[in-house]
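# Fold the following.
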Amino acid sequence: MPGPEEHPTGGALNAALANEIGRLVADFTGRGAQRSRAFVYQDVVVCILEDGATNAERNLVSAGRADLVRLQRDALQRAMGPQLIDVVERLTDRTVREFLSGTDESGAAAVELFLLDSAP
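Modelled structure (predicted):
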């Protein structure tokens, strides 16, 4: 009989979260962040994704239309929210009670924040 499924902890958990969230964002946007990192502190998970703007987004910013980049990124982050939540719940073995997401106007940096239910 197999033992209970093991979940990563500490630095391994942080790396797994950053990698999987980064991969999911890349799948949705067509370009992944060049730098991603995640941190878990008590009931908070934060993932920071940097330098992930696409060529189209950079061109829009150069043309003075950063507002469109932000609108698009916000829509994408909301569309992938359920999948991001699934990743965090699977890796932490905890339930996400709130998900917050944001990006800067140029699309160069984004943050995904998850509030977790109390530890089991």
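
# for the helix or strand hosting D27, packing partners?
Secondary structure from DSSP states H and E places D27 in helix 10-29. On a contact count with 3 or more Cβ pairs under 8 Å, 6 or more residues apart in numbering; DSSP states H and E, helix 10-29 meets strand 35-41, strand 44-50, helix 66-79, helix 81-92. Just so you know, the C-beta spots here come from the backbone N, C-alpha and C atoms, and that holds for glycine as well.

# okay, these, which one's buried deepest?
Across the helices and strands packed on helix 10-29, averaging neighbours per residue (mean count of other Cβ atoms under 10 Å) puts strand 44-50 on top, at a mean of 19.

# From the contact counts, what lies against the lowest-mean-pLDDT helix or strand in the chain?
Taking mean pLDDT, DSSP states H and E as the measure, the helix or strand of the chain with the lowest value is helix 66-79, at a mean of 88. Under the contact criterion of 3+ Cβ pairs under 8 Å, 6+ apart, helix 66-79 touches helix 10-29, helix 55-62, strand 96-103, strand 109-116.

# go with 7 Å
Judged by 3 or more Cβ pairs under 7 Å, 6 or more residues apart in numbering; DSSP states H and E, helix 66-79 is in contact with helix 55-62, strand 96-103.

# and R97, what does it touch?
With contact taken as Cβ atoms under 7 Å, 6 or more residues apart in numbering, R97 is in contact with L115, L116, D117.

# any idea how far R97 is from the second one?
Note on L116: its distance to R97, by Cβ to Cβ, to the nearest Å, is 7 Å.

# How about I48?
21 Å.

# what do you get for R23?
Distance, R23 to R97, using Cβ to Cβ: 24 Å.

# now do T54
32 Å.

# what residue ranges in the protein score low on pLDDT?
In the predicted model of the chain, residues 1-5, 120 satisfy pLDDT under 70.
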